[in-house]
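S.K.: From the sequence below, what's the structure:
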Amino acid sequence: MKQRVLIIFGTRPEAIKMAPVIKALHESPRIEPVVCSTGQHREMLKPVLDLFSIAPDYDLDVLKAGQGLNSLFAATLSRVSTLLEELRPDRVLVHGDTTPASAAALSAFHLSIPVGHVEAGLRTRNLREPWPEEMNRRVVDLVSDQLYAPTARARDNLLEEALGSKRIAITGNTVIDALMEINRKIDTDKALEESLSARFPQLTPEKRLILVTGHRRENFGEAFRQFALALRDLAREPDVELLYPVHLNPNVQKPVREILSGVDNVFLVSPADYLDFVYLMRRSTIIISDSGGVQEEAPSLGKRVLVTRNVTERPEAVEAGTVELVGADRERIVQAACRYLRDPALLEAARKVQNPYGDGNAAQRILQELLR
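M.R.: Next comes the predicted model:
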């Protein structure tokens, strides 16, 4: 009899990182995968689903306008519970640290359904940074009986919390699986690469590209204003242009557009789909971001990332030398970016670093744990 595994995700990063797992499960004759989207990032999710040929079996449609975290948690908990009662899967898989991930994991736990946690064991040891993600990932780890740690450091974090070595497997990070798949597509399809270039006609090939993202809740408010002011300062550097796919959250849109709209060499665009974003990462000189996924992907592309956070649950990239923490501090961001822009040797060093987050086989290791 096949093992029925329910995979639950709702955000774009979750879908990207779960796509290789879904593919591996579909290819196994011993697994019956069932895919559920919570519907949290509907507009941003569709291009990812199309790119990786994922067709969710269920859509919980939990997101409502103006919804707070408690309302989102409650809606997810309730709707996942109803689905679990109907399906009675042998296992639930969730990813990472979102509010729906923690709600789904708790819902399964309440019904005594085993939970597997993809990307387990990441820690900052500070419940306020990132918020609420640090709390979410701890909750999911606590109720999971299979913990798929991306690195040895993540495994050690879990062992320090006495979560039991038999529950833990080091798998690598599934985002590297996804990144390698898309990289192969671009490398082997000249027409695709040309079409990707044509999507960003505002970029000048002779100029150095600073790729920017920003969306973390702990930076909303004045910190986000300082971040945007730093970008405005950097736009004055010679032979530099900045491209920023702006997150749809109003807390991001308002300060970014107030400060950066109309600034020369700064291009504010709609959120890029994953294929476009991989192309932009490949083309960039440096990346300024608060994204966890970018910290993991950049080493595989030989890119330096300035992380606009005070702490990171991904210290491996900091230790490897591809990531530098600069906070949402205007002066630190500008100084760090200029240091790399003015010293090609520093950028070259990043290209030689081996990615500490995996070899592209994480999904297969997760599959073997499920079968074991």
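S.K.: Strands of the chain, residue ranges please.
M.R.: With strands called from DSSP state E, the chain shows them at 3-9, 31-37, 58-59, 91-95, 115-118, 146-149, 168-170, 208-212, 240-245, 266-269, 286-289, 304-307, 323-325.
S.K.: I'd like those strands written out as CSV, with distance to residue 200 and mean neighbour count added.
M.R.: The way it works is simple: take the backbone N, C-alpha and C, and place the C-beta from them, glycine included. What follows is the strands of the chain, written out as CSV (distance: least, C-beta to C-beta, whole Å; neighbours: other C-beta atoms under 10 Å):
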stretch, distance to residue 200, mean neighbour count
strand 3-9, 28, 24
strand 31-37, 28, 21
strand 58-59, 31, 16
strand 91-95, 29, 27
strand 115-118, 32, 26
strand 146-149, 35, 26
strand 168-170, 37, 19
strand 208-212, 9, 23
strand 240-245, 7, 20
strand 266-269, 8, 18
strand 286-289, 15, 25
strand 304-307, 20, 26
strand 323-325, 25, 21
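S.K.: what about those, which gets the closest to residue 190?
M.R.: strand 208-212 (20.7 Å; C-beta to C-beta).
S.K.: would you put the C-alpha positions of the closest one in CSV?
M.R.: Extracted in CSV, the C-alpha atoms of strand 208-212 (Å, rounded to 0.1, in the frame of the first residue of the first chain):
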residue,chain,number,x,y,z
ARG,A,208,27.0,46.8,-12.6
LEU,A,209,23.7,45.5,-11.3
ILE,A,210,22.7,45.7,-7.6
LEU,A,211,19.8,43.4,-7.2
VAL,A,212,17.6,44.2,-4.2
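S.K.: For that strand, which strands pair with it and how are they oriented?
M.R.: Sheet pairing here is set by DSSP bridges, and for strand 208-212 it gives strand 240-245 (parallel), strand 286-289 (parallel).
S.K.: could you dump the strands of the chain to TSV with mean pLDDT?
M.R.: Conversion of the strands of the chain to TSV gives the following (pLDDT from 0 to 100):
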stretch	mean pLDDT
strand 3-9	98
strand 31-37	98
strand 58-59	96
strand 91-95	98
strand 115-118	98
strand 146-149	98
strand 168-170	98
strand 208-212	97
strand 240-245	97
strand 266-269	96
strand 286-289	96
strand 304-307	95
strand 323-325	94
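S.K.: Let me have those in a markdown table, extended by distance to residue 155.
M.R.: Formatted as a markdown table, these follow (distance: least, C-beta to C-beta, whole Å):
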| stretch | distance to residue 155 |
| --- | --- |
| strand 3-9 | 22 |
| strand 31-37 | 24 |
| strand 58-59 | 32 |
| strand 91-95 | 17 |
| strand 115-118 | 12 |
| strand 146-149 | 4 |
| strand 168-170 | 5 |
| strand 208-212 | 31 |
| strand 240-245 | 33 |
| strand 266-269 | 38 |
| strand 286-289 | 26 |
| strand 304-307 | 23 |
| strand 323-325 | 20 |
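S.K.: Indicate which one of the strands paired with strand 208-212 is closest to residue 355.
M.R.: In terms of C-beta to C-beta, the element of those nearest to residue 355 is strand 286-289, at 14.7 Å.
S.K.: Need the contact partners of the closest one.
M.R.: 210-214, 231, 281, 294-295, 298, 303-308, 333, 337, 340-341, 347 (C-beta atoms under 8 Å, 6 or more residues apart in numbering).
S.K.: picking up where we left off before, in TSV, list the strands paired with strand 208-212 along with distance to residue 75.
M.R.: Below are the strands paired with strand 208-212 laid out as TSV (distance: least, C-beta to C-beta, whole Å):
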stretch	distance to residue 75
strand 240-245	28
strand 286-289	29
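S.K.: what residues are up against the residue nearest to residue 116 when sequence neighbours are not counted?
M.R.: In this structure, residue 116 finds its nearest non-sequential neighbour in residue 146, 4.0 Å apart by C-beta to C-beta, 6 or more residues apart in numbering. The contact partners of residue 146, by C-beta under 8 Å, 6+ apart, come to 91, 114-117, 167, 169, 369-370.
S.K.: Residue 81 now?
M.R.: Applying C-beta under 8 Å, 6+ apart, the residues near residue 81 are 107, 110-111.
S.K.: Quick check, pLDDT for it.
M.R.: Reported pLDDT at residue 81 in the predicted model: 97.
S.K.: any idea how far it lies from residue 87?
M.R.: Here residue 81 is placed at a distance of 11 Å from residue 87 (C-beta to C-beta, to the nearest Å).
S.K.: swap in residue 106?
M.R.: 17 Å.
S.K.: Tell me which of those two has more neighbours.
M.R.: Comparing residue 106 with residue 87 by other C-beta atoms under 10 Å, the one with more neighbours is residue 106, at 20 against 16.
S.K.: Show me the longest helix that occurs in the protein.
M.R.: Counting by DSSP state H, the longest helix found in the chain is helix 69-87.
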